[in-house]
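A.B. asks: give me a model of this one.
(one chain, ligands or ions: 1)
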Amino acid sequence: MSLGVRARTALAVLVAGVLLAPAVPATAAPPAEGPPTAGAAAGPARSTLVSPCQLPTPVTGWQHEGPTNYATWLPPSGTVRGIVLFVDFTNAAPVSGERAGRTSTFGAAPNVFTQASYGALNLQLTFDTTWRHIPQTHGSFAGYQSNFFTQRSYLAAAVAAADSAIDFSLYQIVYVVPPKSATTFDISPAWVAAPGDGVTADGAELRHAVTFGQDVDYWGYKILNHETGHLFGLPDLYSYNSADSIHRAVGGWDLMGLISARAPDLFAWHKWKAGWLTDSQIDCRTTTGSASAVLTPLGTTGGTKAVVVHTGGNTAVVVENRQISGLDVSSGCFQPGVLVYRVTTSVFSGGASPGGSVPPIGGPFPVEVVDRTPGSDVTSCGTDEKALVNATLTAIGHTVTYGGVTVQLTATPGNNREVSVTVV
Ligand SMILES: [Zn+2]
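C.D. replies: Next up, the predicted model:
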């Protein structure tokens, strides 16, 4: 592995963490990458999800695969408005064309959500028209990647710099973009504050933000989608243990795993969690036995999108149909077919445990793809994706078994896929 690759891998570990306000005491240092210590995400869970395949959430706080508590996280439905601020510093100015370049890059992001949500989410980005000046050095905000309060001070400084021109009460999300010369800002963490811990402007409390860094040049526009996914309560699916093969769990099959993935849609599980799929589009199984299902492609609107087997406790096995449609499977590397994965609510974002410790090598992670062809790396398909590009069931008769659930591909009518799912 080259030094450059290692550097990028380390970046990927850090790039997408989201910091939450700790509860009390407010002056305590929050964990760098761990759950809040208390009530930030306490309160009622999402009440519209009543399926018995919904997984209980054993812990509150941070992002997980259980029902989302929208008292803290942002509901991903309807029109969500974001303001994109550009800020410079006493020791960092932009170069000509930099704002236009970032505006062009991020302009591609809203359509990802439009497609992934089947039109349920309309992210509207408003780009500020000039650079706003923060009368401090960019180094004043060193540590913003891992300290809730430092990141909040940076957000507050950006909002104050623009407040005379922007009515912040119109927006649910604030995106902050520095010039590339502001080298303090290397990565692009999301920021979520519990009610009362946000930044107030124009009578509104701003509790959802992303502070971008130079890694935008590496990831491109989809980093906005990934980080905004955190604001909606979605967890990271790569490992927070940089000593691990960090994309081992889902490779490039979900935007919350590898941001530059070539199958960058979101799992049916995430779409269900976000409310973009209804309970009627989930074939929920809670008992033993065998039954068939016909799954429509994840990237198209309508039909049954997944079989979900609640295997007990905090775990489910999910079966979905990944085809070349919508956002999905844009590269020849990824083999269209039936994808099977395990979901658990026993660990947080990045595989972190409720105590916030670094996850063990190998997981468990919130989602893990079941590989039909373990060990069959397709080396031409990229370091981070090669192990799982052919995880799918692609031919009639292909079968995988995980945790007492056996899934077999039984028919391929058009782009639909018929599967037999047997639970013992
Ligand atoms: Zn992330």
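
A.B. asks: thought residue 202 was touching residue 171?
C.D. replies: No - in this structure, residue 202 is not within contact of residue 171 by CB atoms under 8 Å, at 9.5 Å. Every C-beta, even on glycine, is put in place using the N, C-alpha and C of the backbone.

A.B. asks: check the offset of the helix or strand where residue 225 lies from the chain's centre.
C.D. replies: According to DSSP states H and E, residue 225 maps onto helix 222-231. Distance of helix 222-231 from the chain centroid (CA atoms, centre = their mean, to the nearest Å) equals 6 Å.

A.B. asks: before we move on, what about stretch 226-246?
C.D. replies: 6 Å.

A.B. asks: and the residue of the stretch 151-300 of the chain nearest the ion?
C.D. replies: residue 236 (4.1 Å; CB to the ion).

A.B. asks: what distance do you get for that residue to residue 351?
C.D. replies: 8 Å (CB to CB, to the nearest Å).

A.B. asks: enumerate the residues of the stretch 101-250 of the chain near the ion.
C.D. replies: Counting by CB under 5 Å from the ion, the residues of the stretch 101-250 of the chain lying close to the ion are residue 236.

A.B. asks: quick one, strands of the stretch 101-250 of the chain?
C.D. replies: 121-134, 173-177, 190-192, 199-201, 204-206, 208-211 (DSSP state E, counting those that start in this stretch).

A.B. asks: re the thing from before, between residue 202 and residue 171, which one's more packed in?
C.D. replies: Using other CB atoms under 10 Å as the criterion, residue 202 and residue 171 rank with residue 171 on top: 22 against 13.

A.B. asks: wait, the more buried one sits on residue 81?
C.D. replies: Yes - taking CB under 8 Å as the definition, residue 171 is a contact partner of residue 81 at 4.8 Å.

A.B. asks: between those two, which contacts overlap?
C.D. replies: Jointly contacting residue 171 and residue 81 under the rule CB atoms under 8 Å, 6 or more residues apart in numbering are residue 126.

A.B. asks: looking at the strands of the stretch 101-250 of the chain, which is closest to residue 306?
C.D. replies: Residue 306 sits nearest to strand 121-134 of all the strands of the stretch 101-250 of the chain, at 19.0 Å, using CB to CB.

A.B. asks: give me the common contacts of residue 236 and residue 351.
C.D. replies: residue 366.

A.B. asks: returning to what we had before: now the strands of the stretch 101-250 of the chain as TSV including mean pLDDT?
C.D. replies: Formatted as TSV, these follow (pLDDT from 0 to 100):
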stretch	mean pLDDT
strand 121-134	98
strand 173-177	98
strand 190-192	95
strand 199-201	98
strand 204-206	97
strand 208-211	97
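
A.B. asks: possible to save those as CSV with mean neighbour count?
C.D. replies: Shown next, in CSV, are the strands of the stretch 101-250 of the chain (neighbours: other CB atoms under 10 Å):
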stretch, mean neighbour count
strand 121-134, 17
strand 173-177, 26
strand 190-192, 26
strand 199-201, 17
strand 204-206, 17
strand 208-211, 26
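
A.B. asks: need the ones you listed in CSV (columns: distance to residue 311).
C.D. replies: Shown next, in CSV, are the strands of the stretch 101-250 of the chain (distance: least, CB to CB, whole Å):
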stretch, distance to residue 311
strand 121-134, 30
strand 173-177, 36
strand 190-192, 30
strand 199-201, 42
strand 204-206, 40
strand 208-211, 34
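
A.B. asks: these two touch, right, residue 108 and residue 223?
C.D. replies: No - at 11.3 Å, residue 108 does not count as touching residue 223 under the criterion of CB under 8 Å.

A.B. asks: out of those two, which sits in the more crowded spot?
C.D. replies: Taking neighbours as other CB under 10 Å, residue 108 and residue 223 compare with residue 223 leading, 26 against 13.

A.B. asks: how confident was the prediction at that one?
C.D. replies: Note for residue 223: predicted pLDDT of 96.

A.B. asks: cool, and residue 58?
C.D. replies: 67.

A.B. asks: same check, this time on residue 384
C.D. replies: Confidence score, pLDDT, at residue 384: 87.

A.B. asks: right, I'll leave it there.
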